[in-house]
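1. okay, sequence plus prediction incoming.
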Amino acid sequence: MKRMRPLLVWCLLTAAATPLVGQQQLRPADPLTPAEITQAGEAATASASERSPRERLELVSVELTNVKPAEPGRGEVSPADAGRHALVTFYDYERNEGVVVLVDLRAARVVRSTSIHRRAVPLGPNEIQRAAGIALASADVRRIVRADTPEVSYRTEGRPGPGDDVVEGLRVISADPDDHCSVDRCVDLFFRLNGRYLVGQRITVNLTRRTVTVTAQEERGATR
Amino acid sequence: MIGHSKLLLVIVVALFVALPASSQTSQWCSGDHFIEQRFPTTGGEETAWRLCWRWENGPGLIISHAFFRPHKDAAWIRVLWEARLAQLFVPYHSGSPRYYDVSLNFQPLAVSDAACPSSAGGKVFGAQRELCRQVKDRGNAWIAHDASWPPKMLSRRGEELVLWSVLKAGNYDYIIEWTFRDDAMIIGRVGATAYNLPSSPYETHAHDPLWRLDVDLGGACCDTVMKVEHAELGKKGIDTMQTIARERDLVWDAEAYTSLHLVDAHLNNGVRGDPTSGYHLMPLRYGTPRHYGPNEEFAQRDFWITRYRPDEVRGELVSSYVANGENVENADVVLWYAGSLHHMFRREDGRMLDDRTWDGTALLMWTEFQFKPMFLFPKTPLFP
C-alpha cells in the first residue's frame, strides 16, 4: 500500500480540480444567465453612451450569439473554443437609429458596435408601458376604451389574470411619407376589456413625439 | 476490516465514477436545451439527431448546432449552426398598418399540456414552459411492392422530432415549429392563429415569415449554393444548376421549381461517382409575397444568400446585407427564405359582439419549407 500512496495523492488532486457532480460550466449555446445579461447590458451601455446620452438610449434586447472564426477551416469548431457572446440592441432616441453591440462575455469586452436602421430595432420591454401611459392620458382614448368606468382598470405590467383589462401593443411603421410614423417610433395599442379585444378603433402612439392618434376604422367586407 | 488506504482508494474511484461523463465536453448546450433523438424510437438505432434549442425574446425559438448521424456507427455530421425566424412582416391591404411581428421582445406564450399532450408524444420543457417537444409517427416513409403476384405491399413508417414554441405578437400567436425527420429532412413551419387585428378585424392582410438558415454542412467552411431550375424545351425537360458566387437575392419561379442546393466541398456518402453531399431548400407555398412600401426590399424577393456575419440577423435588413456582394462560393454561407400566408376574413375567424368586443379566433394557417438531404446517405435510408 505504500507504493500506492503517490497514485492516491494524484487521484485526489485530479478529483479536486474537476467540477463536482451537479455543478456544470455553461456551454456555448446555453441561454444567457441573468448575470451575463446584466454584464452584457452594462458593457454595451458604456459603449453606446460614448455617442449619445445614456438617458436617450432604450435597451431593447440582450441576446446570446455564438461567433464562428472569421476564416473557418475544414474542421469542426470545438465548443471549448467557441466562447460566449451577446448581441445587445439599443434604440437611440437621440439619433433615431439602432445600435447593436457585440460583447465577448468571457473576455468581458465590447467587440464592436454597429449602427442599424431604426426600422430594424424591436420594441423594448418598457416602451409599450410608456405608450399606454401616453394614450391613457388622453380623455378621448379613455372614453373610447372606457377607462373612466369604475369597473375598468387597465394593466400594462405584472401578471394579469385571464379576465383582466390589459393593454398590448405592436410596433408599426407607416408606408406613408407624410405620416410621422414612417420615421418616428410608433406603437399601435390594443385594449382588452374583460379579456376581449375592443374592436373598431386604431390607437397609435408616437413615442418619439409623445402623441396619440385615434382613427375610427370602417367595417369592410363583413356583416356582424 | 478494510484498511484506511484501501478505503481511501475506494472513495477516490467512486468520485471519478460519479463525475460527469467526458462525452459531455463535446456538447454545445446542456440540460433540457440539449436534445439527442435516435430513430427508430423502438429497436436499434438507424439514424439520429443531436441539437440545441433556446428561446430569445424577439425571434422566438432558435435551433442551433444541429448534427445528424446517418448510421449508428457513423460520425456526427453538422447540418446547422443556427436556424431562426428573422422577421414576420404583416402588411394590411389598405396600406396601413404594416407590422413587424418579430420586433416585439415578448416572452413566450407558455405551452399548455393540452396543446402538447403526451398522447401525441409531447412534453413541455423550459423554465417558461416555452417548448413543446414531440416525438411521433409521421406516416409512411415509403411504400413499394414485391415481385410476387398479386404484389404484396412493402412499407415503412417514419418518425420525427418536432419542436415548437409560440411567439405572442400582440393579437396574433405564431407557432414557430422545427421538424427533424428520421431521414435527415428538416422542415421549418410558421403557423398564424389567435385574434384578428382589433382595429380592423375584417381587412385582408399577409403574414410573411422570413427564415434565416446558417447552414454549416460538414463544418462552417466550404459550402457552395446553386440555383436549381427546371425548364421545358419542346417535349423535353432539362435541369440547370447555376453556382451563386456572390451575395444576392433570387426569385422563385413556380414553373421552374426553383430551389437552392447547398453542397459541401468535402462531405460525401462514400459512393464512388456520387457528388458531394448537400441539402435542397424547397419552398412549399400557395402564393408569393411582394410588397412595395418604402424600405421593403426584403419583401420583394424569395431567397437571399449571404456570407456569415454574427450580427446580420435582422430579416428586414437582408437587402443591405447583400449590397457589398461578398464571395459566397466555397465559403461560410447563410440562406434566407421568405414564405407567406394571405389571410382573407371569413366568419370562422370570429364575430363582433354588441359591446364592440371580438369573440372567436382565427384557426391555424401554415406556411413552410423543406430542407432535404441530397447524397447524404449511401443508399435509401430506412429501407427496408
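-> That came through, no problem. Numbering: from 1, shown residues only, chains lettered A, B, ... in the order given.

2. elements contacting the longest strand belonging to chain B?
-> If you go by DSSP state E, chain B has its longest strand at strand B:153-169. Packing partners of strand B:153-169 (3 or more C-beta pairs under 8 Å, 6 or more residues apart in numbering or on different chains; DSSP states H and E): strand B:34-39, strand B:47-56, strand B:60-69, strand B:77-91, strand B:131-145, strand B:172-181. For glycine as for every other residue, the C-beta is placed from the backbone atoms N, C-alpha and C.

3. can you list those strands in JSON lines and add mean pLDDT?
-> Converted to JSON lines, those look like this (pLDDT from 0 to 100):
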{"stretch": "strand B:34-39", "mean pLDDT": "98"}
{"stretch": "strand B:47-56", "mean pLDDT": "97"}
{"stretch": "strand B:60-69", "mean pLDDT": "97"}
{"stretch": "strand B:77-91", "mean pLDDT": "96"}
{"stretch": "strand B:131-145", "mean pLDDT": "97"}
{"stretch": "strand B:172-181", "mean pLDDT": "97"}
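
4. turn those strands into TSV, including mean neighbour count.
-> Below are the helices and strands packed on strand B:153-169 laid out as TSV (neighbours: other C-beta atoms under 10 Å in any protein chain shown):
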stretch	mean neighbour count
strand B:34-39	18
strand B:47-56	22
strand B:60-69	23
strand B:77-91	24
strand B:131-145	16
strand B:172-181	22
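
5. export the ones you listed as JSON lines, with columns for distance to chain A.
-> Shown next, in JSON lines, are the helices and strands packed on strand B:153-169 (distance: least, C-beta to the nearest C-beta, whole Å):
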{"stretch": "strand B:34-39", "distance to chain A": "8"}
{"stretch": "strand B:47-56", "distance to chain A": "4"}
{"stretch": "strand B:60-69", "distance to chain A": "5"}
{"stretch": "strand B:77-91", "distance to chain A": "6"}
{"stretch": "strand B:131-145", "distance to chain A": "12"}
{"stretch": "strand B:172-181", "distance to chain A": "9"}
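
6. show me the shaky parts of chain B.
-> Within chain B, the ranges that satisfy pLDDT under 70 run B:1-26.

7. can you give me the helices in it?
-> B:4-18, B:318-321 (DSSP state H).

8. equivalent analysis for chain A, please.
-> Using DSSP H, helices in chain A cover A:5-17, A:34-48, A:79-82, A:127-136, A:139-144.

9. give me the most central residue, chain A.
-> The residue lying closest to the centre of chain A (C-alpha atoms, centre = their mean) is A:S61, at 3.1 Å.

10. OK, contacts around the closest residue to that one other than its chain neighbours?
-> Of all residues not flanking A:S61 in the chain, A:T89 sits nearest, at 4.8 Å (C-beta to C-beta, 6 or more residues apart in numbering or on different chains). Residues near A:T89 by C-beta atoms under 8 Å, 6 or more residues apart in numbering or on different chains: A:59-63, A:98-101, A:121-122.

11. now do A:T89, the pLDDT please.
-> pLDDT, A:T89: 94.

12. list the beta-bridge partners for it.
-> A:S61, A:V100 (DSSP bridges).

13. who in the stretch 251-384 of chain B is up against chain A?
-> Selection of the stretch 251-384 of chain B residues close to chain A by C-beta under 8 Å from any C-beta of the partner chain yields B:266, B:293-296, B:308, B:310-311, B:313-314, B:316-317, B:320, B:332, B:345, B:347, B:351-353, B:355-359.

14. filter those residues down to the ones in strands?
-> Those of those lying in strands (DSSP E): B:351-352, B:358-359.

15. how about JSON lines for these, with neighbour count added?
-> What follows is those, written out as JSON lines (neighbours: other C-beta under 10 Å):
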{"residue": "B:R351", "neighbour count": "14"}
{"residue": "B:M352", "neighbour count": "19"}
{"residue": "B:W358", "neighbour count": "22"}
{"residue": "B:D359", "neighbour count": "13"}
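
16. nearest to A:V110 among those residues?
-> B:W358 (46.1 Å; C-beta to C-beta).

17. quick check: that closest one vs B:P381, distance?
-> B:W358 is 48 Å from B:P381, where distance means C-beta to C-beta, to the nearest Å.

18. how many residues are close by the closest residue to A:L105 other than its chain neighbours?
-> Distances taken as C-beta to C-beta, 6+ apart put A:R84 closest to A:L105, at 4.4 Å, once the chain neighbours are dropped. Residues near A:R84, counting by other C-beta atoms under 10 Å in any protein chain shown, number 22.

19. surely A:R84 touches A:Q25?
-> No. Contact criterion C-beta atoms under 8 Å: A:R84 and A:Q25 do not qualify, at 10.5 Å.

20. partners of the spatially closest residue to B:I63 that is not a sequence neighbour in the sheet?
-> For B:I63, ignoring the flanking residues on the chain, the nearest one in space by C-beta to C-beta, 6+ apart is B:A83 at 4.5 Å. Taking DSSP bridges as the rule, B:A83 bridges to B:I63, B:L213.

21. give the contact list for B:A83.
-> B:62-64, B:66, B:178, B:186, B:188, B:211-214.

22. same thing with A:Y154?
-> A:132, A:136, A:145, A:147, A:165-167, A:191.

23. thinking again about what came up before, just the pLDDT at the residue nearest to A:L105, thanks.
-> The model's pLDDT for A:R84 equals 92.

24. show me where chain A has its strands.
-> Under DSSP E, chain A gives strands at A:57-65, A:85-92, A:97-104, A:109-116, A:154-155, A:165-172, A:186-193, A:196-197, A:201-206, A:211-216.

25. least confident of the ones you listed, on average?
-> strand A:154-155 (a mean of 75).

26. partners of that one in the sheet?
-> strand A:165-172 (parallel).

27. hmm, back to that, could you dump the helices and strands packed on strand B:153-169 into CSV and include distance to B:A115?
-> Putting those into CSV (distance: least, C-beta to C-beta, whole Å) gives the following:
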stretch, distance to B:A115
strand B:34-39, 19
strand B:47-56, 16
strand B:60-69, 14
strand B:77-91, 19
strand B:131-145, 7
strand B:172-181, 9
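
28. which of these sits closest to B:F377?
-> The nearest among those, by C-beta to C-beta, is strand B:47-56 at 8.8 Å.

29. helices or strands up against that closest one?
-> strand A:57-65, strand B:34-39, strand B:60-69, strand B:153-169.

30. run the last query once more with 10 Å
-> Counting contacts by 3 or more C-beta pairs under 10 Å, 6 or more residues apart in numbering or on different chains; DSSP states H and E, strand B:47-56 packs against strand A:57-65, strand B:34-39, strand B:60-69, strand B:77-91, strand B:131-145, strand B:153-169, strand B:172-181.

31. TSV for the ones you listed, including distance to A:A175?
-> Rendered in TSV, the data for the helices and strands packed on strand B:47-56 read as follows (distance: least, C-beta to C-beta, whole Å):
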stretch	distance to A:A175
strand A:57-65	23
strand B:34-39	41
strand B:60-69	25
strand B:77-91	8
strand B:131-145	36
strand B:153-169	19
strand B:172-181	20
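
32. show the pLDDT at A:A137.
-> 93.

33. what sits against it?
-> A:210, A:212 (C-beta atoms under 10 Å, 6 or more residues apart in numbering or on different chains).

34. next one: it from chain B, what distance?
-> 20 Å (C-beta to the nearest C-beta, to the nearest Å).

35. got phi/psi on that residue?
-> With angles defined as degrees, to the nearest 10, A:A137 sits at phi -80, psi -10.
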